[in-house]
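Enquirer: Turn this into a model:
(chains A, B and C)
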Amino acid sequence: MPSLAKTLPQEQKAVLRIEDLHTWFEVRRMGFFKAGDVRALDGASFELYEGETISIVGESGCGKSTLAKTILGINHISKGSIFFEDQDLSTLDKEGWKRYRSSIGYIQQDPYGALPPFMSVQRILEEPMKINGIKDKAEQKKRIRQVLEEVKLAPIEDYLPKFPHMLSGGQQQRLVIARAMILDPKMLIADEPVSMLDASVRVEILQLLQALQRRHNLAILYITHDLSTVRYFSERIFAMYGGKIIEKSSTVALLQQPLHPYTAALFEATSDPDAENLTTFKDVPAGEPPSLMNPPRGCRFHPRCRKIIKGLCDQEMPPEFWVRKDHAAACWLYKDKA
Amino acid sequence: MSDQKVLLDVQNLKLYFRTQAGPVQAVDDVSFQLKAGHTLAVVGESGCGKTSLAKAILRLLPRNISTYTGSILFDGKDIMKYDDDEFRKEIRWCEIASVPQASMNSLNPVVRIEDQLIEPLLIHEKMSKQQARARVAEVFEVVGLPVDFLQRYPFELSGGMRQRAIIAMALASDPKLVVLDEPSSALDLLSQANLMNVLKKIKHEINTTFILITHDIGTASELADEVAVMYAGKMVEYASAQYFYTDAHHPYSQKLMASVPTLREDKELEFIPGQPPSLINPPTGCRFAARCEKKFDKCSMQPNTTHLGNRATVQCWLFDETGEVKHA
Amino acid sequence: MKATLSNAFRQIRSYPSAVVGSIIILLLIFMAIYAMVAIPYSEAVRLWRGADNVWIETPRNAAPAWFNYFYREKQPESIIMRTTDDPSLKQVVDLGGGVATSDFVFEFDYQYDGFPTELSVFFDAQYVAARPNVALKWIAPDGREIPLADLSVRTSENYSISQDTKITRRLGGVTPEKGLFADPKNPDKVLKGTYQLVGEGLVFEEGSNVDVSMVIYGKLYGLAGTDHRRRDITVALLWGTPVALAFGLVAAVGSSIATMFLGAASVWFGGWIDWLIRRINEVVMILPLLPILIMVGLFYSRSIWVILGVVIVLGIFGSGILSYRAMFLQVKESGYIDAARAYGAGSGRIIFRYMIPKIIPTLIPGFVTQVPAFVFLEATLAVLGLGDPVLPTWGKLLNDAQANGALLNGYFYWVLEPAFLLMLAGLGFAMLGFALDRIFNPRLRGI
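Expert: All right, here's what the predicted structure looks like:
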């Protein structure tokens, strides 16, 4: 694992382009009457380049998993568009969707839950191939062998007949990664891939993902609530709050100085093991993330923000202000610095 | 604080569970002393026995116990000699309170918070309703919750608030020791930081002794005066927090620290190849030996406990009382 | 799932209740197979309808034969003697001119303490115009000879000694089945010894022939006794087994599997499908099952298969759907379902390959414990007189017993035998089901 945080790639091809993406979930009363919308994802735009990792950080309910599931086609798109290799997903036919699905691998938080408990390792790996048109047995075998070798589940023959509950947490997560890799994807969406694993296994899995990324030039969307792992893993970091991306930055720039007060609070709240911590108190805002059904007017963070500009933050939604070439924040504090 | 008296003195504590495959040595020969007013963080990976240790101290045991031996001196009393009834009446809740894992979800959703919080006071402390209400209001302020929230139902509170309510409940009977099992791991980052602030405040103001069971060493460092590292049922290191994070002694502790990512500091992350041994028929010698880079022939025997001054107590053949590494 | 199941079956051995339950169920299955092999369906129906005098030689309301082990006074079983079985019993002497004597002697040893219930003689005569003539006489062990009757026999003649009032008169008012066997010194006791029924026959035509059989109806019969229509209860007990098992299993499996599919579809598709299924469920839940079945039985058909169909249809939309819905709602949120959607699995595949296999382990103990409920339901209907019109079942035995005052008359075996089998079936499935529940459930707490 390289000890220095990676830098932004230059002049690379975008694998995925997202424009003003919204995912709202309708809430119905008594099954019929519309009661409102949960604005889980409320406008996100960015590009993901070949071979890079974007970390998306935020607390639960900030919309980061909704973003992942919308990209994966699990959630519907309420507004906006997703372009995969410059093609709008809404224009894809059945074959196009198959190709798109084969190009993204999905890695989830809880490896045990992510694996059907009643299927053997072999069947788990065969399923995506069967569904996506790889019917040739020899080809299936070849790919299974290849991915299991890549995730270091060896000897392969020992693992094929096993069921998920016979594997340790780390092995389960490697199997999830193997499944994500079996269709030879161009990008991975890793939703909290290590947050349920023990510290030492965590490092092992992150290093494995990194090795895969380098070998296959994968684009990775790394979704996490844990700021401390992102520096080892990503070129860019996006912070999300209340369904919106509130800060976009290169990892280097963000680690030097988070701009948005919320990102700064996340930064402050993260503890590194240090005996000094015993004597200091954390300066973090009280309160809770906003309701996604009735989000506050203006900046979603303003009710908890100590640097609030009255009459502005509570009235108008801040746009993205690019303070530096590689660092933007959606916060009125930076309206003059852009 | 170092001149404080010892509140909890655990010697040779063993807790084995009966299973179909054989006895599981969840806690095997664990000894340590905890001073009043100090906080001990017990860290280790899942399945290392840290939660079982908490249960053994609180005597919250499942039915399939095969061995439960050793001595626990609490505040000078040998509480292992108490029968279950005495223990329940005189020790649990009143003297040693606990906040089990995920307990914020254990509040009854249809009973008001206040009614749930005064319950243990009415039973254990024989308080009147009036007294109990006053006391609960008092601790509610300690944990930083508005007193009028006592009249609410659990679902009207966020996760962080419910967890603080649970801690208030544990503090209400004014216990000498509070055992917290993963108190913050189900919470969001900011709520977690807020909760640690609250616990720290309680620690400083009320001088409560805590045992904090956690897998998150970063969070543990917010509260811990001492750190105990458990591995496969054994307490392999018991160290002063002052030295532990930068200068752990046991090879496992060193590896564990090397695997913890840090936000503010750039460091090379390492992982420990292999898996911890099964707690059914664990290896006879040092349980970490199979994964240890510094293993040598003596490691096939169970290492002695070595006291390295006030810095640490280590179960590893690499150390003797002078603290020198005899083998490289 | 294969692993879960094979693991479960390995665990069964460590649960005594499961072992006992399995043995009981295997026993019942063996009984069912035996019944179907030994007495084919059409034969069972024919026997139970009692056509063609199939039960003419069995006693009425006889207790099981093995009751004698518990009686101090030994009761008789039927004694049947036929000239067709043993031609040496018959002596034919040709007198010339087509006339011949055809005598027979049925000699038997009577060592029981109880009197028989009936005495009958059956003749099977061949002749063209002139009927053969037979004179019957009774010889008691003490040598007394009692003339019985002088008969001119037809092709199929049935002479019931016990209903012959002339003999009753001759015996001084005592019914023949008592009088003929009574000890003259102690008329309440049986005179034990060798009795003879002697017949002196005359045939009047060339080729004319008389075959005779004598039936002394006992008080005990077979393994299970007989009913009011002389039918062997064993037939109904045996055939009740496959009927009960088939009804119980088909109803339990049919309704739980269909319910499971509906539950899965309801959860997966949501929207109006979920709405519709839930409304139908609510309607069905308030419909009382038993009265509906009674109405179907009264006004439409009492066929067991029609009733089974109604039970399944009502069961499908019954309360089970709610618990399956609850389980599937959890399963739907599983990470592996999201993963399957991400790699493009369609709805059908997700329901059948991903959601249902997860639930199957809970289904198994569920339907094993449901089987007896349906077995009892069938019995209930039969007891109420709505049993299948042709098939012999346990419930119909109970219905017959009740209609004929079995308990008032002391024919308790008639009630206890089917009741015992019903309870055995209930016990077997319940014991296995509860053990399976314990085996499968620890794993299910994890979902």
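Enquirer: tell me which element B:Y68 is part of?
Expert: With elements delineated by DSSP states H and E, B:Y68 resides in strand B:65-74, which encompasses its position.
Enquirer: Going by length in residues, pull out the top helix of chain B.
Expert: Among the elements of type helix in chain B, defined by DSSP state H, the one spanning the most residues is helix B:189-206.
Enquirer: so does it get close to chain A?
Expert: Yes. Contact between helix B:189-206 and chain A, assessed by Cβ under 8 Å from any Cβ of the partner chain, occurs at B:189-190, B:192-194, B:196-197, B:200-201. In short, each C-beta sits where N, CA and C put it, glycine included.
Enquirer: just the buried members of those?
Expert: Buried members of those, scored by 16 or more other Cβ atoms under 10 Å in any protein chain shown, are B:189-190, B:192-194, B:196-197, B:200.
Enquirer: and the two most separated of the residues you listed?
Expert: Considering Cβ to Cβ, no two members of these lie farther apart than B:L189 and B:K200, which are separated by 16.5 Å.
Enquirer: Now do the same contact list for the residue lying closest to A:I134 once chain neighbours are set aside.
Expert: Closest residue in space to A:I134, ignoring its immediate chain neighbours: A:Q140 at 6.2 Å, by Cβ to Cβ, 6 or more residues apart in numbering or on different chains. Remark: with contacts taken as Cβ atoms under 8 Å, 6 or more residues apart in numbering or on different chains, A:Q140 is in contact with A:126, A:129, A:134.
Enquirer: Secondary structure class of the second one, three-state.
Expert: Same thing as A:M129. helix (DSSP: H, G, I helix; E, B strand; the rest coil).
Enquirer: and the closest residue to chain C within the stretch 101-250 of chain B, how many neighbours does it have?
Expert: Using Cβ to the nearest Cβ, B:A102 is the residue of the stretch 101-250 of chain B that sits closest to chain C, at 14.4 Å. A count of neighbours around B:A102, defined by other Cβ atoms under 10 Å in any protein chain shown, yields 12.
Enquirer: could you dump the longest helix of chain B to PDB, C-alpha only?
Expert: This file holds the C-alpha atoms of helix B:189-206, laid out as PDB (Å, rounded to 0.1, in the frame of the first residue of the first chain):
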ATOM      1  CA  LEU B 189     -19.600   9.200  13.700                       C
ATOM      2  CA  LEU B 190     -20.800  12.500  15.100                       C
ATOM      3  CA  SER B 191     -23.100  10.800  17.700                       C
ATOM      4  CA  GLN B 192     -20.200   8.600  18.600                       C
ATOM      5  CA  ALA B 193     -17.900  11.600  19.200                       C
ATOM      6  CA  ASN B 194     -20.700  13.200  21.300                       C
ATOM      7  CA  LEU B 195     -21.100  10.100  23.300                       C
ATOM      8  CA  MET B 196     -17.400   9.800  24.000                       C
ATOM      9  CA  ASN B 197     -17.500  13.500  25.200                       C
ATOM     10  CA  VAL B 198     -20.300  12.600  27.600                       C
ATOM     11  CA  LEU B 199     -18.500   9.500  29.000                       C
ATOM     12  CA  LYS B 200     -15.300  11.500  29.400                       C
ATOM     13  CA  LYS B 201     -17.200  14.200  31.300                       C
ATOM     14  CA  ILE B 202     -18.700  11.600  33.600                       C
ATOM     15  CA  LYS B 203     -15.300  10.000  34.100                       C
ATOM     16  CA  HIS B 204     -13.800  13.400  35.100                       C
ATOM     17  CA  GLU B 205     -16.700  14.600  37.200                       C
ATOM     18  CA  ILE B 206     -18.100  11.600  38.900                       C
END
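Enquirer: ok, so of the residues of helix B:189-206 next to chain A, who is nearest chain A?
Expert: The shortest gap between chain A and any of the residues of helix B:189-206 next to chain A belongs to B:A193, at 3.6 Å (Cβ to the nearest Cβ).
Enquirer: how about that closest one, what does it touch?
Expert: By Cβ under 8 Å, 6+ apart, the contact set of B:A193 is A:268-269, A:271, A:282, A:284.
Enquirer: between those, which is nearest chain C?
Expert: Looking across these and measuring by Cβ to the nearest Cβ, the closest to chain C is A:A269, at 26.8 Å.
Enquirer: close enough to count as contact, that closest one and B:S184?
Expert: No. Between A:A269 and B:S184 there is no contact, the gap being 10.7 Å when judged by Cβ atoms under 8 Å.
Enquirer: what sits in contact with each of the two?
Expert: Common contact partners of A:A269 and B:S184 (Cβ under 8 Å, 6+ apart): B:Q192.
Enquirer: longest helix of chain C?
Expert: Residue-count comparison of every helix in chain C, with assignments taken from DSSP H, identifies helix C:233-269 as the longest.
Enquirer: And the next helix or strand after it, what does it pack against?
Expert: Per DSSP H and E, helix C:233-269 leads on to helix C:271-286 as the next helix or strand towards the C-terminus. Other elements packing on helix C:271-286 under the criterion 3 or more Cβ pairs under 8 Å, 6 or more residues apart in numbering or on different chains; DSSP states H and E are helix C:233-269, helix C:320-332.
Enquirer: Just the buried positions in helix C:271-286, please.
Expert: Residues of helix C:271-286 classed as buried by neighbour count (16+ other Cβ under 10 Å): C:274, C:277-278, C:281, C:284.
Enquirer: That one to helix C:320-332, inter-axis angle?
Expert: Taking axes from the mean of the first three to the mean of the last three Cα atoms, to 10 degrees, one finds helix C:271-286 and helix C:320-332 inclined to each other by 150 degrees.
Enquirer: who touches helix C:271-286?
Expert: Outside helix C:271-286, the residues within contact range by Cβ under 8 Å, 6+ apart are A:31, C:262, C:265-267, C:314, C:317-319, C:321-322, C:325.
Enquirer: give me that answer again for 6 Å
Expert: Identification of contacts with helix C:271-286 by Cβ atoms under 6 Å, 6 or more residues apart in numbering or on different chains yields A:31, C:262, C:266, C:314, C:317, C:319, C:321.
Enquirer: Drop anything exposed from those residues.
Expert: Taking 16+ other Cβ under 10 Å as the criterion, what is buried in the contacts of helix C:271-286 is C:262, C:266, C:314, C:317, C:321.
Enquirer: Pick out whichever of the residues you listed sits closest to C:F376.
Expert: Of all these, C:F376 sits closest to C:L314, with 15.9 Å by Cβ to Cβ.
Enquirer: could you point out where chain B is predicted with low confidence?
Expert: Counting by pLDDT under 70, the ranges of chain B that qualify are B:1-3, B:323-328.
Enquirer: if we go to 80?
Expert: B:1-4, B:20, B:321-328 (pLDDT under 80).
Enquirer: how about the strands of it, start to end?
Expert: Counting by DSSP state E, residue ranges of the strands within chain B are B:6-17, B:24-35, B:39-43, B:65-74, B:77-78, B:96-99, B:177-181, B:209-214, B:226-231, B:234-240, B:305-308, B:312-315.
Enquirer: got the contact list for the fifth one?
Expert: Contacts made with strand B:77-78 from outside it, assessed by Cβ under 6 Å, 6+ apart, are absent: no residue qualifies.
Enquirer: Direction included, what does it pair against?
Expert: Strand B:77-78 has the following strand partners under DSSP bridges: strand B:65-74 (antiparallel).
Enquirer: Convert the partner strand to CSV, retaining C-alpha atoms only.
Expert: The C-alpha atoms that make up strand B:65-74 are tabulated as CSV, following Å, rounded to 0.1, in the frame of the first residue of the first chain:
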residue,chain,number,x,y,z
ILE,B,65,-21.3,-23.1,31.2
SER,B,66,-18.7,-25.8,31.8
THR,B,67,-16.1,-23.9,33.8
TYR,B,68,-16.4,-20.6,35.7
THR,B,69,-13.6,-20.3,38.2
GLY,B,70,-11.0,-17.8,39.5
SER,B,71,-11.4,-15.0,41.9
ILE,B,72,-12.9,-11.5,41.5
LEU,B,73,-12.2,-9.1,44.3
PHE,B,74,-14.5,-6.1,43.9
